[in-house]
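Undergrad: sharing a model prediction with you, sequence too.
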Amino acid sequence: MQKLTTPEELADMCRNWRKGGRSVALVPTMGSCHAGHEDLMRHGRALADRLVISLFVNPAQFSPAEDLQAYPRVPNQDAAVAKRCGADVLFTPDSSAMYMPDHATWVDVPEMSGLLCGMQRPTHFRGVCTVVLKLFLLTLADVAVFGEKDWQQQALLRRMARDLNVPTRIETRATVREPDGLALSSRNVYMTVDERAQAPEIYRALQYAGDMVAGGESNAATLRAAVLRRWSERLPLGRLDYLAVVNPETLLPIERLDAPARMACAVRMGMARLIDNILLRNE
Ligand code: PAF
(Lines give C-alpha, C1' and ligand atoms only; values in the text may rest on other atoms or scores of the structure.)
Protein backbone atom coordinates (compact mmCIF):
# COMPACT_ATOMS: atom_id res chain seq x y z
CA MET A 1 0.00 0.00 0.00
CA GLN A 2 1.36 3.39 -1.01
CA LYS A 3 0.64 6.51 0.99
CA LEU A 4 0.02 9.63 -1.11
CA THR A 5 -0.55 13.10 0.22
CA THR A 6 -0.93 15.41 -2.76
CA PRO A 7 -3.84 15.56 -5.22
CA GLU A 8 -1.33 15.54 -8.11
CA GLU A 9 0.23 12.25 -6.97
CA LEU A 10 -3.17 10.66 -6.63
CA ALA A 11 -4.33 11.85 -10.05
CA ASP A 12 -1.07 10.60 -11.68
CA MET A 13 -1.32 7.20 -10.02
CA CYS A 14 -4.94 6.70 -11.10
CA ARG A 15 -4.21 7.95 -14.63
CA ASN A 16 -1.40 5.37 -14.97
CA TRP A 17 -3.65 2.60 -13.70
CA ARG A 18 -6.33 3.51 -16.20
CA LYS A 19 -3.77 3.62 -19.03
CA GLY A 20 -2.87 0.05 -18.05
CA GLY A 21 -6.52 -0.94 -18.30
CA ARG A 22 -7.08 -1.20 -14.53
CA SER A 23 -10.40 -0.33 -12.94
CA VAL A 24 -10.43 1.81 -9.78
CA ALA A 25 -12.63 1.72 -6.66
CA LEU A 26 -12.71 4.59 -4.18
CA VAL A 27 -13.74 4.54 -0.51
CA PRO A 28 -13.78 8.08 0.92
CA THR A 29 -13.45 8.22 4.73
CA MET A 30 -12.70 10.70 7.48
CA GLY A 31 -10.72 8.01 9.32
CA SER A 32 -11.31 6.72 12.82
CA CYS A 33 -12.26 3.59 10.95
CA HIS A 34 -14.51 0.94 12.45
CA ALA A 35 -16.03 -2.30 11.15
CA GLY A 36 -18.45 -0.30 8.97
CA HIS A 37 -15.51 1.29 7.11
CA GLU A 38 -13.83 -2.11 6.82
CA ASP A 39 -16.93 -3.46 5.15
CA LEU A 40 -16.89 -0.58 2.62
CA MET A 41 -13.20 -1.16 1.96
CA ARG A 42 -13.52 -4.93 1.48
CA HIS A 43 -16.45 -4.39 -0.84
CA GLY A 44 -14.44 -1.80 -2.81
CA ARG A 45 -11.54 -4.26 -2.99
CA ALA A 46 -13.81 -6.86 -4.61
CA LEU A 47 -15.23 -4.42 -7.16
CA ALA A 48 -12.12 -3.18 -8.98
CA ASP A 49 -8.49 -3.91 -9.83
CA ARG A 50 -7.21 -1.05 -7.70
CA LEU A 51 -8.53 0.33 -4.41
CA VAL A 52 -8.02 3.91 -3.19
CA ILE A 53 -8.95 4.81 0.39
CA SER A 54 -9.01 8.49 1.24
CA LEU A 55 -8.59 9.60 4.82
CA PHE A 56 -9.37 13.28 5.18
CA VAL A 57 -11.26 15.08 7.95
CA ASN A 58 -12.87 17.57 5.62
CA PRO A 59 -13.10 20.98 7.34
CA ALA A 60 -15.63 22.20 4.77
CA GLN A 61 -18.34 19.91 6.14
CA PHE A 62 -18.03 21.15 9.73
CA SER A 63 -19.58 24.42 10.89
CA PRO A 64 -17.47 26.59 13.23
CA ALA A 65 -19.55 25.32 16.19
CA GLU A 66 -18.98 21.65 15.38
CA ASP A 67 -16.40 19.06 16.42
CA LEU A 68 -13.69 19.50 13.75
CA GLN A 69 -10.89 19.84 16.32
CA ALA A 70 -12.23 17.08 18.58
CA TYR A 71 -13.05 14.67 15.73
CA PRO A 72 -11.27 11.40 16.65
CA ARG A 73 -8.03 10.96 14.69
CA VAL A 74 -6.08 7.69 14.76
CA PRO A 75 -4.05 7.79 11.52
CA ASN A 76 -1.77 4.85 12.28
CA GLN A 77 -4.68 2.61 13.19
CA ASP A 78 -6.55 3.74 10.06
CA ALA A 79 -3.55 2.98 7.87
CA ALA A 80 -3.41 -0.53 9.35
CA VAL A 81 -7.12 -1.05 8.58
CA ALA A 82 -6.70 0.18 5.00
CA LYS A 83 -3.72 -2.12 4.48
CA ARG A 84 -5.54 -5.09 5.97
CA CYS A 85 -8.46 -4.45 3.61
CA GLY A 86 -6.18 -4.53 0.58
CA ALA A 87 -5.90 -0.82 -0.32
CA ASP A 88 -3.40 -0.01 -3.06
CA VAL A 89 -3.30 3.66 -2.11
CA LEU A 90 -4.08 5.50 1.10
CA PHE A 91 -4.62 9.17 0.29
CA THR A 92 -4.09 11.44 3.31
CA PRO A 93 -3.90 15.05 2.15
CA ASP A 94 -3.57 18.12 4.35
CA SER A 95 -6.37 20.66 4.27
CA SER A 96 -4.04 23.05 2.48
CA ALA A 97 -3.52 20.50 -0.31
CA MET A 98 -7.26 20.09 -0.83
CA TYR A 99 -8.31 23.72 -0.39
CA MET A 100 -6.31 26.65 -1.71
CA PRO A 101 -6.34 29.66 0.65
CA ASP A 102 -8.68 31.40 -1.81
CA HIS A 103 -10.83 28.34 -2.57
CA ALA A 104 -14.09 29.73 -3.90
CA THR A 105 -15.95 26.97 -5.73
CA TRP A 106 -18.65 24.90 -4.08
CA VAL A 107 -20.87 22.09 -5.23
CA ASP A 108 -24.32 21.98 -3.72
CA VAL A 109 -27.74 20.42 -4.25
CA PRO A 110 -29.70 23.20 -2.57
CA GLU A 111 -33.15 21.58 -2.77
CA MET A 112 -31.84 18.67 -0.71
CA SER A 113 -29.00 20.05 1.39
CA GLY A 114 -31.24 22.13 3.66
CA LEU A 115 -33.53 19.22 4.57
CA LEU A 116 -33.27 16.70 7.45
CA CYS A 117 -29.65 16.90 8.73
CA GLY A 118 -29.26 20.10 6.72
CA MET A 119 -31.76 21.88 8.98
CA GLN A 120 -29.20 21.86 11.82
CA ARG A 121 -26.14 21.69 9.56
CA PRO A 122 -26.88 24.10 6.70
CA THR A 123 -23.41 24.03 5.10
CA HIS A 124 -22.58 20.37 5.79
CA PHE A 125 -23.70 18.78 2.52
CA ARG A 126 -22.15 21.52 0.42
CA GLY A 127 -18.83 20.56 2.05
CA VAL A 128 -19.46 16.85 1.48
CA CYS A 129 -20.45 17.27 -2.18
CA THR A 130 -17.47 19.50 -2.87
CA VAL A 131 -14.86 17.17 -1.37
CA VAL A 132 -16.41 14.03 -2.85
CA LEU A 133 -16.54 15.57 -6.32
CA LYS A 134 -12.87 16.52 -5.94
CA LEU A 135 -12.06 12.90 -5.03
CA PHE A 136 -14.12 11.60 -7.96
CA LEU A 137 -12.27 13.93 -10.34
CA LEU A 138 -8.83 13.08 -8.96
CA THR A 139 -9.38 9.33 -9.18
CA LEU A 140 -11.96 9.13 -12.00
CA ALA A 141 -12.93 6.00 -10.09
CA ASP A 142 -15.19 3.46 -11.76
CA VAL A 143 -17.02 2.93 -8.48
CA ALA A 144 -17.21 4.54 -5.04
CA VAL A 145 -18.62 2.87 -1.95
CA PHE A 146 -20.61 4.57 0.83
CA GLY A 147 -22.57 3.34 3.87
CA GLU A 148 -26.33 3.41 4.21
CA LYS A 149 -26.14 5.08 7.63
CA ASP A 150 -25.28 8.33 5.85
CA TRP A 151 -28.26 7.83 3.64
CA GLN A 152 -29.07 11.52 3.05
CA GLN A 153 -25.45 12.11 2.06
CA GLN A 154 -25.81 9.42 -0.56
CA ALA A 155 -29.07 10.73 -1.90
CA LEU A 156 -27.32 14.07 -2.51
CA LEU A 157 -24.20 12.49 -3.99
CA ARG A 158 -26.29 10.42 -6.38
CA ARG A 159 -28.18 13.51 -7.49
CA MET A 160 -24.92 15.44 -7.89
CA ALA A 161 -23.37 12.61 -9.93
CA ARG A 162 -26.45 12.33 -12.12
CA ASP A 163 -26.80 16.07 -12.69
CA LEU A 164 -23.10 16.61 -13.46
CA ASN A 165 -22.66 13.41 -15.53
CA VAL A 166 -20.02 12.08 -13.16
CA PRO A 167 -18.98 8.67 -14.52
CA THR A 168 -18.31 7.12 -11.09
CA ARG A 169 -20.92 4.57 -10.02
CA ILE A 170 -22.07 4.89 -6.41
CA GLU A 171 -22.60 1.68 -4.41
CA THR A 172 -24.28 1.48 -1.02
CA ARG A 173 -23.51 -0.97 1.77
CA ALA A 174 -25.90 -1.76 4.61
CA THR A 175 -25.22 -0.09 7.97
CA VAL A 176 -22.97 -2.16 10.21
CA ARG A 177 -24.33 -2.32 13.76
CA GLU A 178 -23.26 -3.30 17.25
CA PRO A 179 -24.90 -6.53 18.46
CA ASP A 180 -27.51 -4.38 20.26
CA GLY A 181 -28.44 -2.58 17.03
CA LEU A 182 -26.61 0.75 17.50
CA ALA A 183 -25.20 1.91 14.16
CA LEU A 184 -21.40 2.05 14.24
CA SER A 185 -20.17 5.63 14.13
CA SER A 186 -16.87 7.33 14.87
CA ARG A 187 -18.87 9.65 17.13
CA ASN A 188 -20.18 6.85 19.39
CA VAL A 189 -17.07 7.37 21.55
CA TYR A 190 -18.47 10.73 22.68
CA MET A 191 -21.24 9.00 24.69
CA THR A 192 -21.20 8.39 28.43
CA VAL A 193 -21.94 4.90 29.74
CA ASP A 194 -25.58 5.84 30.45
CA GLU A 195 -26.09 7.42 27.03
CA ARG A 196 -24.55 4.40 25.35
CA ALA A 197 -26.89 2.11 27.28
CA GLN A 198 -29.95 3.94 25.91
CA ALA A 199 -28.67 4.60 22.38
CA PRO A 200 -29.75 1.22 20.85
CA GLU A 201 -33.34 2.38 21.38
CA ILE A 202 -32.86 4.76 18.44
CA TYR A 203 -32.82 1.92 15.93
CA ARG A 204 -35.22 -0.30 17.89
CA ALA A 205 -37.89 2.36 17.58
CA LEU A 206 -37.26 2.67 13.83
CA GLN A 207 -37.62 -1.12 13.55
CA TYR A 208 -40.85 -0.86 15.53
CA ALA A 209 -42.14 1.56 12.88
CA GLY A 210 -41.00 -0.91 10.22
CA ASP A 211 -43.01 -3.63 11.94
CA MET A 212 -46.06 -1.35 12.05
CA VAL A 213 -45.75 -0.81 8.31
CA ALA A 214 -45.42 -4.55 7.72
CA GLY A 215 -48.60 -4.90 9.78
CA GLY A 216 -50.50 -2.53 7.45
CA GLU A 217 -49.94 0.96 8.91
CA SER A 218 -49.33 3.53 6.19
CA ASN A 219 -49.96 6.87 7.88
CA ALA A 220 -46.65 8.70 8.36
CA ALA A 221 -47.92 10.82 11.28
CA THR A 222 -49.05 7.68 13.15
CA LEU A 223 -45.65 6.05 12.61
CA ARG A 224 -43.83 9.15 13.73
CA ALA A 225 -45.99 9.49 16.85
CA ALA A 226 -45.37 5.84 17.77
CA VAL A 227 -41.60 6.28 17.54
CA LEU A 228 -41.66 9.51 19.55
CA ARG A 229 -43.81 7.86 22.22
CA ARG A 230 -41.34 4.99 22.51
CA TRP A 231 -38.40 7.36 22.72
CA SER A 232 -40.07 9.46 25.41
CA GLU A 233 -40.27 6.30 27.55
CA ARG A 234 -37.02 4.55 26.66
CA LEU A 235 -34.65 7.26 25.48
CA PRO A 236 -34.87 9.99 28.15
CA LEU A 237 -31.26 11.09 27.58
CA GLY A 238 -31.91 11.68 23.86
CA ARG A 239 -32.67 15.11 22.42
CA LEU A 240 -34.40 14.96 19.08
CA ASP A 241 -33.03 16.94 16.13
CA TYR A 242 -35.55 15.48 13.70
CA LEU A 243 -37.57 12.41 12.86
CA ALA A 244 -39.11 12.32 9.40
CA VAL A 245 -40.78 9.99 6.94
CA VAL A 246 -39.67 11.05 3.49
CA ASN A 247 -39.67 10.23 -0.19
CA PRO A 248 -36.27 8.56 -0.77
CA GLU A 249 -35.59 10.51 -3.98
CA THR A 250 -36.71 14.03 -3.06
CA LEU A 251 -36.24 13.80 0.75
CA LEU A 252 -39.56 15.63 1.10
CA PRO A 253 -41.97 14.52 3.83
CA ILE A 254 -44.79 12.20 2.83
CA GLU A 255 -48.16 11.67 4.47
CA ARG A 256 -49.01 8.15 3.30
CA LEU A 257 -46.77 5.28 2.29
CA ASP A 258 -47.91 4.54 -1.23
CA ALA A 259 -44.37 3.41 -2.08
CA PRO A 260 -41.22 2.56 -0.09
CA ALA A 261 -40.17 5.50 2.10
CA ARG A 262 -37.34 6.32 4.49
CA MET A 263 -37.78 7.07 8.14
CA ALA A 264 -34.71 9.06 9.13
CA CYS A 265 -33.63 10.68 12.38
CA ALA A 266 -30.92 12.54 14.21
CA VAL A 267 -30.79 12.31 18.00
CA ARG A 268 -28.32 14.01 20.29
CA MET A 269 -27.00 11.87 23.12
CA GLY A 270 -24.90 14.32 25.14
CA MET A 271 -21.94 15.27 22.94
CA ALA A 272 -22.81 12.73 20.24
CA ARG A 273 -25.21 13.54 17.42
CA LEU A 274 -26.36 10.16 16.12
CA ILE A 275 -28.14 9.56 12.83
CA ASP A 276 -29.98 6.48 11.66
CA ASN A 277 -32.64 5.48 9.15
CA ILE A 278 -34.75 2.59 7.95
CA LEU A 279 -36.45 1.72 4.69
CA LEU A 280 -40.20 1.38 5.21
CA ARG A 281 -41.79 -1.03 2.75
CA ASN A 282 -45.51 -1.47 2.59
CA GLU A 283 -45.44 -4.25 -0.03
O1 PAF B 1 -19.15 9.96 5.21
C2 PAF B 1 -18.05 10.50 5.45
O3 PAF B 1 -17.22 9.98 6.21
C4 PAF B 1 -17.73 11.83 4.81
O5 PAF B 1 -18.85 12.64 4.71
C6 PAF B 1 -17.03 11.69 3.45
C7 PAF B 1 -17.92 11.00 2.44
C8 PAF B 1 -15.73 10.90 3.61
C9 PAF B 1 -16.67 13.07 2.88
O10 PAF B 1 -15.81 13.76 3.71
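TA: Yep, that arrived.

Undergrad: let me see the backbone angles for Asn219.
TA: Dihedral pair for Asn219: phi -90, psi 120, per degrees, to the nearest 10.

Undergrad: now do the contacts for it.
TA: Residues counted as contacts of Asn219 (C-beta atoms under 8 Å, 6 or more residues apart in numbering) are Glu255, Arg256. Every C-beta, even on glycine, is put in place using the N, C-alpha and C of the backbone.

Undergrad: which pLDDT value goes with it?
TA: Looking at Asn219, its pLDDT is 98.

Undergrad: SS state for the residue nearest to Arg273 when sequence neighbours are not counted?
TA: With C-beta to C-beta, 6 or more residues apart in numbering as the criterion, Arg273 has its nearest non-adjacent residue at 6.0 Å, and that residue is Ala266. On the three-state scheme (DSSP: H, G, I helix; E, B strand; the rest coil), Ala266 is labelled strand.

Undergrad: Ala266 and the ligand, how far apart?
TA: Applying C-beta to the nearest ligand atom, to the nearest Å, the value for Ala266 to the ligand is 14 Å.

Undergrad: over to Cys129?
TA: Using C-beta to the nearest ligand atom, Cys129 is found at 9 Å from the ligand.

Undergrad: apart from its chain neighbours, what residue comes closest to that residue?
TA: Val107 (4.3 Å).

Undergrad: so where do the helices sit in this protein?
TA: Taking DSSP state H as the test, the helices found in the chain are 7-19, 35-47, 75-84, 95-98, 110-113, 117-120, 124-139, 151-163, 193-198, 201-214, 220-234.

Undergrad: for those, state which one has the densest average packing.
TA: By mean neighbour count, with neighbours taken as mean count of other C-beta atoms under 10 Å, helix 124-139 ranks first of those at a mean of 22.

Undergrad: next, the contact list for the residue nearest to Arg273, please.
TA: By C-beta under 8 Å, 6+ apart, the contact set of Ala266 is Leu116, Cys117, Gln120, Leu240, Asp241, Tyr242, Arg273, Leu274, Ile275.

Undergrad: again, but for Met212
TA: By C-beta under 8 Å, 6+ apart, Met212 lies in contact with Thr222, Leu223, Ala226.

Undergrad: now with 7 Å, please.
TA: Shown in contact with Met212 (C-beta atoms under 7 Å, 6 or more residues apart in numbering): Leu223, Ala226.

Undergrad: now do the one 5 residues further on
TA: The contact partners of Glu217, by C-beta under 7 Å, 6+ apart, come to Leu223.

Undergrad: also the one 3 residues further on?
TA: With contact set as C-beta under 7 Å, 6+ apart, Ala220 has these partners: Val245, Ile254, Glu255, Arg256, Leu257.

Undergrad: neighbour count, distance to the ligand and pLDDT added to those, as a markdown table?
TA: As requested, these are arranged in a markdown table below (neighbours: other C-beta atoms under 10 Å; distance: C-beta to the nearest ligand atom, whole Å; pLDDT from 0 to 100):
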| residue | neighbour count | distance to the ligand | pLDDT |
| --- | --- | --- | --- |
| Val245 | 23 | 23 | 98 |
| Ile254 | 18 | 26 | 97 |
| Glu255 | 10 | 30 | 97 |
| Arg256 | 12 | 31 | 97 |
| Leu257 | 19 | 28 | 96 |
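
Undergrad: for the ligand, see how far away Met271 is.
TA: Distance of Met271 to the ligand, computed by C-beta to the nearest ligand atom: 18 Å.

Undergrad: OK, contacts around that residue?
TA: Met271 makes contact with Tyr190 under the criterion C-beta under 7 Å, 6+ apart.

Undergrad: dihedrals phi and psi, it?
TA: When read as degrees, to the nearest 10, the backbone of Met271 gives phi -80, psi -10.

Undergrad: distance of it relative to Asn188?
TA: The gap separating Met271 from Asn188 is 11 Å, by C-beta to C-beta, to the nearest Å.
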